[in-house]
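J.: this one's structure only:
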DNA sequence: ACTATATGTTTGCGAACGCAACAATTGGCA
DNA sequence: TGCCAATTGTTGCGTTCGCAAACATATAGT
């Protein structure tokens, strides 16, 4: 995707639309795409030899050498000593992401703003949680984010050391929003939990930081994170379902790329109709997934107050109370209806469960999968794998950083050459 | 997509997987992609000037001249006299699809096999319906299809004349199957109406005809046809919902391309849960869309027997009976639940209704749209347009032919040069 | 008839990749 | 220890392809 340029400041807060000219391939796109392919491999694998790059890209040895050389010149990857291997033949140098390349991740929530720094390659370098005493307005969230960014930047600079090799280059900011984000302009159209409606949060943060900034729905970013570094590594078609305090979010990966729909709202599974019962959720809809499957009902069955995700997980998995088991069973039943719908509509290879949905599955292992196989089309559920998320609490930092990296990964020539 | 070759006979019945080497762009892919872009424009527009091609592809004049020249040499497009226009400047020659390029479309149904011939550009040249006295086995359907192919081939040859310009080049066969098709190998995994399970219908027909043959679900093909030549022209994200005698099918277009999911089963909306009522459909599922919204219930409310789509449409739109109105209203209500789910999950720009679903909408105009706007997420339904299909009875011929054309459109160099 | 405008045509150039030959490095084996 | 096979890096050359620029052509307007 080419971006709508902002020539003066270099601040870009959106990945704009595709120009009509993108229909055709220009010859300069070849280089760009090949640099992108190599950089993406280095990013997703962490480290691999030039020979591996040659095999996986299908390009010629000499071409790969030139591409890696250019990426080294641009300060995006580093070449290291060959690994001591027991293979015959000349050893191949190892290509890794340059450790100076860092993306920032921001996740505004009702009671805190969390900011992280993530290295190219997906390593979380630093996380800072700014606690808040009340749900922030966009302006307050921007201030908290700016403070968090300052903090993690210092932390990363310390980590990298202050020598000539201690340089840190921040490629941009990614925001994981618990709500609906219009990807094109980064506008938060609706974040019910935060009480935000049509807030240009991305633009505010971009102006405040002067960095290229993008935003997307948190579950969409979680899906992408699990695809690249978690349970869905190498999976081309997956659906990620996350159970959080504010409801159930969904993110879809199709053909190895995030599926966003027309405006970025795709994957909203929370309001799927799963029950003829007459309960209504706050927004007034009846029989929706979020009415039947939610964290509050689990907490009330457990008789506990507000607890964090790990405590809830432990409580659910450890509980032997028949009442709790019954609630879990009912929630899994309703969840299976929604998952079946999703499977029938998206025909994914894998469904990844995050948040308390993973806890539900862990509490009664196999039940969800059995129900989905009963209810979804047999041919669609046949090759389906249902997994729990692997990235834990850092999933949103990684996912949001991925959003910030995506520009660079798609076009490695856009970052200026290292001085 | 590159194909798994069948070197001996040249018969290919599947668009195989993408080789790992496709990660990277080779320089020969540039030419291929540009030829593809030009040919696709000629195909979808029917006719446009070289100057328009230059503008829309973003390529250089000289490049477009060379590309068009190569396509002419390959016999894929023809250049004609410039149109008399009132524009200043040198007139630009008009580029059209070569009329000798033809694809065949096959649609096996319970009581007939329909075969069509479609020109590059989407014009239906001939249709032949082979009536059957009982639901065909795959072998019987192949025989009927072969007979139909022979018939329409003769008809097309007559149309084209027998002179030196009367040549007909058939690029392949596309099959629209009322059921679930594994796109990769063209296996009909389940066609309940026909009683087919795991039938290699595509391969059978490919061997019988010696032509490159592909198959897909009928609603998926309908979606693509409506996108290119019907209600969804220029729409990048749309969902097509078709109401047929055998149930409700769905097809999804995302990012301007068919969305098939992992194996080609995506878009199966018929079993979506829409009702807490206790009716079950033949396959045993309860409360699914197909249980609540179906053609049989409409016919029984109308008191009529088996009628064709046009007669049903007229009857529904013309009926003033309160009972019929009530049935229509109830079906629209349930349909709105499913459409809302689809809108929330795919965030399309347009929903296109075909078959008796279009008739339902025509009978009580605006009702469905109103309900969907009430039930779907406001931000997702905001930019949504609900339209009735435009292509009528030829939709499956066009859609199936599109499947046959897709190989050629993606790689115009694969068809041998004209002698 | 003349001018402005738009487009086709031709030519030369540069970018980028593949190929092939050669160099470098390692493991295996006598 | 020395030689060979295998694998990969390096270098120079050729090909393909698109772009830019200069020139040619055709039309509308004055």
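T.: It's in. Since we're looking at a predicted model, the values are computed, not measured.

J.: count of residues packed around the residue of the stretch 51-200 of chain A found nearest chain B?
T.: Relative to chain B, the nearest point of the stretch 51-200 of chain A is residue A:58 (2.5 Å; Cβ to the nearest Cβ). Just so you know, the C-beta spots here come from the backbone N, C-alpha and C atoms, and that holds for glycine as well. Close neighbours of residue A:58, defined as other Cβ atoms under 10 Å in any protein chain shown, add up to 17.

J.: so it versus residue A:41, what's the distance?
T.: Separation of residue A:58 from residue A:41 (Cβ to Cβ, to the nearest Å): 12 Å.

J.: surely residue A:99 and residue A:160 touch.
T.: Yes. Applying Cβ atoms under 8 Å, one finds residue A:99 in contact with residue A:160, separated by 7.1 Å.

J.: how far does stretch A:242-261 sit from the chain's center?
T.: 9 Å (Cα atoms, centre = their mean, to the nearest Å).

J.: residues of it that come out buried?
T.: A:242-255, A:258-261 (16 or more other Cβ atoms under 10 Å in any protein chain shown).

J.: avg pLDDT for it?
T.: For stretch A:242-261, mean pLDDT is 95.

J.: hey, what's the residue lying closest to residue A:358 once chain neighbours are set aside bridged with?
T.: Using Cβ to Cβ, 6 or more residues apart in numbering or on different chains and skipping the chain neighbours, the partner closest in space to residue A:358 is residue A:388 (4.1 Å). Residue A:388 forms beta bridges with residue A:353, as assigned by DSSP bridges.

J.: tell me who's in contact with residue A:388.
T.: Counting by Cβ atoms under 8 Å, 6 or more residues apart in numbering or on different chains, residue A:388 touches A:231, A:352-354, A:358, A:361-362.

J.: how about residue A:227?
T.: A:233, A:235, A:238, A:253, A:256.

J.: which of the three states applies to the closest residue to the last one other than its chain neighbours?
T.: In this case it means residue A:256. Distances taken as Cβ to Cβ, 6+ apart put residue A:236 closest to residue A:256, at 4.6 Å, once the chain neighbours are dropped. Following DSSP: H, G, I helix; E, B strand; the rest coil, we place residue A:236 in the coil state.

J.: residue contacts, residue A:236?
T.: By Cβ under 8 Å, 6+ apart, the residues touching residue A:236 are A:253-256, A:349, B:262.

J.: burial count for residue A:301?
T.: Neighbours around residue A:301, by other Cβ under 10 Å: 20.

J.: tell me the residues of the stretch 301-419 of chain A that contact chain B?
T.: Contact residues, the stretch 301-419 of chain A versus chain B (Cβ under 8 Å from any Cβ of the partner chain): A:337, A:340-342, A:344-349, A:375-380, A:383.

J.: what about 7 Å?
T.: Residues of the stretch 301-419 of chain A lying close to chain B by Cβ under 7 Å from any Cβ of the partner chain are A:337, A:341-342, A:344-349, A:375, A:377, A:379-380, A:383.

J.: now a PyMOL select for only the buried ones of these.
T.: Buried members of those, defined by 16+ other Cβ under 10 Å, are picked up in PyMOL with:
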select buried, chain A and resi 337+341+342+344+345+346+347+348+349+375+377+379+380
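
J.: take the residues of the stretch 301-419 of chain A next to chain B and write them to a markdown table, including pLDDT, secondary structure and distance to DNA strand D.
T.: Shown next, in a markdown table, are those (pLDDT from 0 to 100; DSSP: H, G, I helix; E, B strand; the rest coil; distance: Cβ to the nearest atom of the strand, whole Å):
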| residue | pLDDT | secondary structure | distance to DNA strand D |
| --- | --- | --- | --- |
| A:337 | 93 | helix | 50 |
| A:341 | 95 | helix | 44 |
| A:342 | 97 | helix | 41 |
| A:344 | 97 | helix | 41 |
| A:345 | 98 | helix | 38 |
| A:346 | 98 | helix | 35 |
| A:347 | 98 | coil | 35 |
| A:348 | 98 | coil | 34 |
| A:349 | 98 | coil | 30 |
| A:375 | 92 | helix | 48 |
| A:377 | 95 | coil | 43 |
| A:379 | 95 | helix | 40 |
| A:380 | 96 | helix | 40 |
| A:383 | 91 | coil | 32 |
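
J.: of the residues of the stretch 301-419 of chain A next to chain B, closest to DNA strand C?
T.: residue A:349 (29.4 Å; Cβ to the nearest atom of the strand).

J.: pretty sure that closest one contacts residue A:232?
T.: No. Applying Cβ atoms under 7 Å as the test, residue A:349 and residue A:232 come out as separate, 8.5 Å apart.

J.: quick check: neighbours shared by the two?
T.: residue A:238 (Cβ atoms under 7 Å, 6 or more residues apart in numbering or on different chains).

J.: contacts only, for the residue of the stretch 101-250 of chain A found nearest DNA strand C.
T.: Using Cβ to the nearest atom of the strand, the single residue of the stretch 101-250 of chain A nearest to DNA strand C is residue A:120, 20.8 Å away. Contact analysis of residue A:120 by Cβ under 7 Å, 6+ apart lists A:43, A:97-98, A:101, A:405.

J.: so which of these wins on neighbours?
T.: residue A:405 (27 neighbours).

J.: near DNA strand D, which residues of chain A are found?
T.: Contact residues, chain A versus DNA strand D (Cβ under 7 Å from any atom of the strand): A:25-27, A:49-51, A:54, A:61-62, A:64-65, A:87-93.

J.: where in chain A is pLDDT low?
T.: A:1-27, A:163-164, A:276-286, A:416-419 (pLDDT under 70).

J.: which bits of it sit near DNA strand C?
T.: Residues of chain A lying near DNA strand C (Cβ under 7 Å from any atom of the strand): A:27-28, A:30-31, A:34, A:58-63, A:66-67, A:82, A:84-91.

J.: report the distance from the host helix or strand of residue A:222 to the chain centre.
T.: Secondary structure assigned from DSSP states H and E places residue A:222 in helix A:218-229. The chain centre lies 3 Å from the centre of helix A:218-229; the measure is Cα atoms, centre = their mean.

J.: which residues in chain A form helices?
T.: A:27-45, A:50-57, A:61-73, A:138-160, A:201-209, A:218-229, A:289-292, A:295-302, A:309-318, A:322-346, A:356-363, A:367-375, A:378-382, A:395-410 (DSSP state H).

J.: re the thing from before, restrict the residues of chain A next to DNA strand C to the buried ones and give me that as a PyMOL selection.
T.: Here is the PyMOL command that selects only those of those that count as buried (16+ other Cβ under 10 Å):
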select buried, chain A and resi 30+31+34+58+59+63+67
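
J.: before we move on, the earlier item: between the helices of chain A, which gets nearest to residue B:135?
T.: Residue B:135 lies closest, by Cβ to Cβ, to one member of these: helix A:378-382, at 20.1 Å.

J.: who does that closest one touch, helix- and strand-wise?
T.: helix A:322-346 (3 or more Cβ pairs under 7 Å, 6 or more residues apart in numbering or on different chains; DSSP states H and E).

J.: who are the packing partners of the helix it packs on?
T.: helix A:289-292, helix A:295-302, helix A:356-363, helix A:367-375, helix A:378-382, helix B:322-346.

J.: could I get the ones you listed as a markdown table with distance to residue A:128?
T.: As requested, the helices and strands packed on helix A:322-346 are exported to a markdown table (distance: least, Cβ to Cβ, whole Å):
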| stretch | distance to residue A:128 |
| --- | --- |
| helix A:289-292 | 30 |
| helix A:295-302 | 25 |
| helix A:356-363 | 25 |
| helix A:367-375 | 35 |
| helix A:378-382 | 42 |
| helix B:322-346 | 34 |
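
J.: which among these is found nearest to residue B:179?
T.: helix A:378-382 (9.6 Å).

J.: what's in contact with that closest one?
T.: Defining contact as Cβ under 7 Å, 6+ apart, one finds that helix A:378-382 is touched by A:343-344, A:347, A:372-373, B:180, B:189-190, B:265, B:268.
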